[in-house]
Structure formats: C-alpha cells, structure tokens
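Visitor: structure for this input, please:
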Amino acid sequence: MSSSAVLQQCARTLVRSASGSSRQISTSAVARGGGGPFDYHYIHAPRMYDVAGMPNKHLVYGSMCTVGLLGGFFIPLWAISFSQKKTMG
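Guide: The predicted structure is shown next:
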C-alpha cells in the first residue's frame, strides 16, 4: 500500500468514527418536577417562591425594605464620619 492510500484509509475511518460519536443537545427529560405550566417551585422547598401564600408578607417585606433603606442611608454617613475622625488624628 502506498502512503496516499494509507492516508485515505485513515481519513475514512476517522470520518466514520467522528460522525458516529456526535452528541445530541436535545433531551426528553423534564427539567423540574412534572413540567406543568405552574410548576415553578424549587424542588427541595415547595413553598419557597410562593409569595402570595406567605403569612404577614406586608410586614416582612415592609420591614426588609425599611432596613435596607436605613442601612443604605446610615452606612455611608458612618463611613464618612469614621474617615474624618481618622484623618483628624
């Protein structure tokens, strides 16, 4: 066998093996739960994202917003006063 015939044979086997091992991207497995239109819950905590059914949601979210707002206002003020005290000596 000549070297060109060997190279052609190697190329044929390489093409056959490469085409047979192609990977499919699509799958038939369901991503989460049963896959229904309202199945958006996290698997390990079924009531995790159920904000509408949460007890005292106005109190909880109101207090979280208030704490965030106050923290966002007072932390920079404290940082400014701290840096000015350090500068003064």
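Visitor: where exactly do the helices run in the protein?
Guide: Assigned by DSSP state H, the helices in the chain fall at 3-20, 57-88.
Visitor: residue 48 is nearest to which of those helices?
Guide: helix 57-88 (13.7 Å; C-beta to C-beta). For glycine as for every other residue, the C-beta is placed from the backbone atoms N, C-alpha and C.
Visitor: packing partners for the closest one?
Guide: With contacts taken as 3 or more C-beta pairs under 8 Å, 6 or more residues apart in numbering; DSSP states H and E, helix 57-88 sits against no other helix or strand.
Visitor: what's the average pLDDT for it?
Guide: For helix 57-88, mean pLDDT rounds to 95.
Visitor: could you list the buried residues of it?
Guide: When neighbours are counted by 16 or more other C-beta atoms under 10 Å, no buried residue of helix 57-88 is found.
Visitor: quick one: residue 60 from residue 71, how far?
Guide: Residue 60 sits 16 Å away from residue 71, going by C-beta to C-beta, to the nearest Å.
Visitor: include distance to residue 51 when you put the helices of the chain into a markdown table, please.
Guide: Output for those, formatted as a markdown table (distance: least, C-beta to C-beta, whole Å):
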| stretch | distance to residue 51 |
| --- | --- |
| helix 3-20 | 50 |
| helix 57-88 | 6 |
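Visitor: and the ones you listed: which comes nearest residue 49?
Guide: Closest to residue 49 of the helices of the chain is helix 57-88 (C-beta to C-beta; 12.5 Å).
Visitor: ok, and what's touching stretch 73-84?
Guide: If you take C-beta atoms under 8 Å, 6 or more residues apart in numbering as the criterion, stretch 73-84 is touched by no other residue.
Visitor: dump that stretch to PDB, restricted to CA.
Guide: Listed next in PDB are the C-alpha coordinates belonging to stretch 73-84 (Å, rounded to 0.1, in the frame of the first residue of the first chain):
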ATOM      1  CA  PHE A  73     -28.500  55.800  54.200                       C
ATOM      2  CA  PHE A  74     -26.700  55.400  57.500                       C
ATOM      3  CA  ILE A  75     -23.700  53.200  56.500                       C
ATOM      4  CA  PRO A  76     -22.200  55.800  54.200                       C
ATOM      5  CA  LEU A  77     -22.800  58.500  56.800                       C
ATOM      6  CA  TRP A  78     -21.000  56.400  59.400                       C
ATOM      7  CA  ALA A  79     -18.100  55.700  56.900                       C
ATOM      8  CA  ILE A  80     -17.700  59.500  56.300                       C
ATOM      9  CA  SER A  81     -17.600  60.300  60.000                       C
ATOM     10  CA  PHE A  82     -15.200  57.400  60.600                       C
ATOM     11  CA  SER A  83     -12.800  58.500  57.900                       C
ATOM     12  CA  GLN A  84     -13.000  62.100  59.100                       C
END
